[in-house]
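A.B. asks: Dropping the sequence and predicted coords here.
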Amino acid sequence: MPGILPHLLCAALYGLLAFAIYRSLVASPDDRTQLGPLHWAIAVPLLLHTWLLSRSVFIGGGMYLGVGNSISAIIWLTVLIYWLGTFRYRLRSLQVFVLGTAALAVLLPLVLPSTHPLPHTDFIAFRLHLLISMLAFSLLTIASLQAFLMALLERRLHAGALPPYLRTLPPLLSMEGLLFQIILAGFVLLTLTLGSGMLFSEELFGRPLRFSHKVVFALLAWIIFAALLGGRRIYGWRGRTALRWTLAGFMALVLAYIGSKFVLEVLLGF
């Protein structure tokens with residue numbers, strides 16, 4: 001029971017803050033302030049989430065990154081990056097989605113506990129590979145959430161009925177520019193992820209790349225984001241085309257990072 005209560009408390013804090021931010025947006029849709037008490041309060045569940053992850057991932061000198069811990073760690077990093085990013089950008093509406101997702105993700109280690117430590121974590125190259133891959137996934141998670149919000153905003157604008165909680169968002173063109181900045185940063189990290197994975201594979205197995213389910217979908221995601229950035233630069237892709245490619249690339253990443261772990265650990269029991 002003591003191990004469950006901190007997770008429930010963290011989820012409740014994330015959920016309450018998401019609801020409070022939503023209510024504040026509805027009550028004051030024209031209020032453009034960003035760094036109010038609710039924004040600073042996010043640090044509380046974020047610190048608690050940090051402690052929970054350190055306790056469940058690092059056990060006895062090993063690293064336990066099963067499905068539950070992996071998703072929880074990626075969402076934790078997403079919340080951290082987004083919380084720091086909102087000191088500069090006015091995107092309070094996205095906090096509702098990010099914190100709501102975190103409220104669910106922090107409970108996943110309880111539902112899908114990690115039973116086996118990751119092998120080869122004593123290799124520095126492998127630890128670096130893990131860090132870069134999580135950063136890449138987190139940035140592209142933020143990009144997908146923003147793409148979803150932009151699609152919702154565009155649909156509401158065409159319908160002529162904009163909900164109060166979306167009125168604090170910047171213009172679509174500004175959000176689109178920010179979206180491609182995030183995608184570019186995530187793409188660079190994804191490239192480094194594949195490169196560091198090849199180096200690690202060569203160091204451990206004597207060959208640069210092992211074509212597995214995870215590698216194939218990671219390469220597919222890299223191709224999709226490369227095509228999106230190329231299409232943006234050459235053909236000026238924007239709007240729904242850019243949003244569809246962003247979500248398609250993110251789904252490929254989900255299948256690469258989470259899909260393989262889910263099949264192995266949950267369905268096959270390895």
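C.D. replies: Yep, it's here. None of the values given here were measured: they were computed from a predicted structure.

A.B. asks: Can you give me every residue that contacts the residue lying closest to residue 196 once chain neighbours are set aside?
C.D. replies: Once flanking residues are discounted, residue 196 sits nearest to residue 129: 4.2 Å by CB to CB, 6 or more residues apart in numbering. Heads up, the C-betas are built off the backbone N, CA and C, glycines and all. Residue 129 is in contact with 193, 196, 197, 199, 200, counting by CB atoms under 8 Å, 6 or more residues apart in numbering.

A.B. asks: List the buried residues of the lengthiest helix in the chain.
C.D. replies: Ranked by number of residues, the top helix in the chain under DSSP state H is helix 124-159. For helix 124-159, the neighbour count (16 or more other CB atoms under 10 Å) marks 125-126, 129-130, 132-151, 153 as buried.

A.B. asks: Could you do stretch 218-232 as well?
C.D. replies: 218, 219, 220, 221, 222, 224, 225, 228, 229, 232.

A.B. asks: which helices and strands does the helix or strand the fifth one falls within pack with?
C.D. replies: Using DSSP states H and E, residue 222 sits in helix 213-235. Using 3 or more CB pairs under 8 Å, 6 or more residues apart in numbering; DSSP states H and E as the contact definition, the elements that helix 213-235 packs against are helix 172-205, helix 239-254, helix 260-262.

A.B. asks: by how many degrees do that helix and helix 239-254 diverge?
C.D. replies: Angle of helix 213-235 versus helix 239-254, following axes from the mean of the first three to the mean of the last three CA atoms, to 10 degrees, is 160 degrees.

A.B. asks: Using CSV, list the CA coordinates for helix 213-235.
C.D. replies: The C-alpha coordinates for helix 213-235 follow below in CSV (Å, rounded to 0.1, in the frame of the first residue of the first chain):
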residue,chain,number,x,y,z
HIS,A,213,10.7,-4.6,-35.2
LYS,A,214,11.9,-1.6,-33.2
VAL,A,215,14.6,-0.6,-35.7
VAL,A,216,12.3,-0.9,-38.7
PHE,A,217,9.6,1.4,-37.2
ALA,A,218,12.3,3.8,-35.9
LEU,A,219,13.7,4.1,-39.4
LEU,A,220,10.2,4.5,-40.8
ALA,A,221,9.6,7.4,-38.3
TRP,A,222,12.9,8.9,-39.3
ILE,A,223,11.9,8.7,-43.0
ILE,A,224,8.5,10.3,-42.3
PHE,A,225,9.9,13.2,-40.4
ALA,A,226,12.7,13.7,-42.9
ALA,A,227,10.1,13.8,-45.7
LEU,A,228,8.0,16.3,-43.7
LEU,A,229,10.9,18.6,-43.1
GLY,A,230,11.9,18.3,-46.7
GLY,A,231,8.4,19.0,-47.9
ARG,A,232,8.2,22.0,-45.7
ARG,A,233,11.4,23.5,-47.0
ILE,A,234,10.9,22.6,-50.7
TYR,A,235,7.1,22.7,-51.2
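
A.B. asks: can you list contacts of it?
C.D. replies: Counting by CB under 8 Å, 6+ apart, 140, 180, 183-184, 186-187, 190-191, 193-194, 197, 209, 237-238, 241-242, 245-246, 248-250, 252-253, 255-257, 259-260, 263 sit against helix 213-235.

A.B. asks: Apply 6 Å and report the result again.
C.D. replies: 187, 190, 237, 245, 248, 249, 252, 253, 255, 256, 260 (CB atoms under 6 Å, 6 or more residues apart in numbering).

A.B. asks: what stretches of the stretch 151-270 of the chain score poorly on pLDDT?
C.D. replies: Where the stretch 151-270 of the chain drops to pLDDT under 70, the residues are 159-169, 200-211, 259-270.

A.B. asks: Show me the one in the contacts of residue 129 that has more neighbours than the rest.
C.D. replies: For the contacts of residue 129, the largest number of neighbours (other CB atoms under 10 Å) sits with residue 193, at 25 neighbours.
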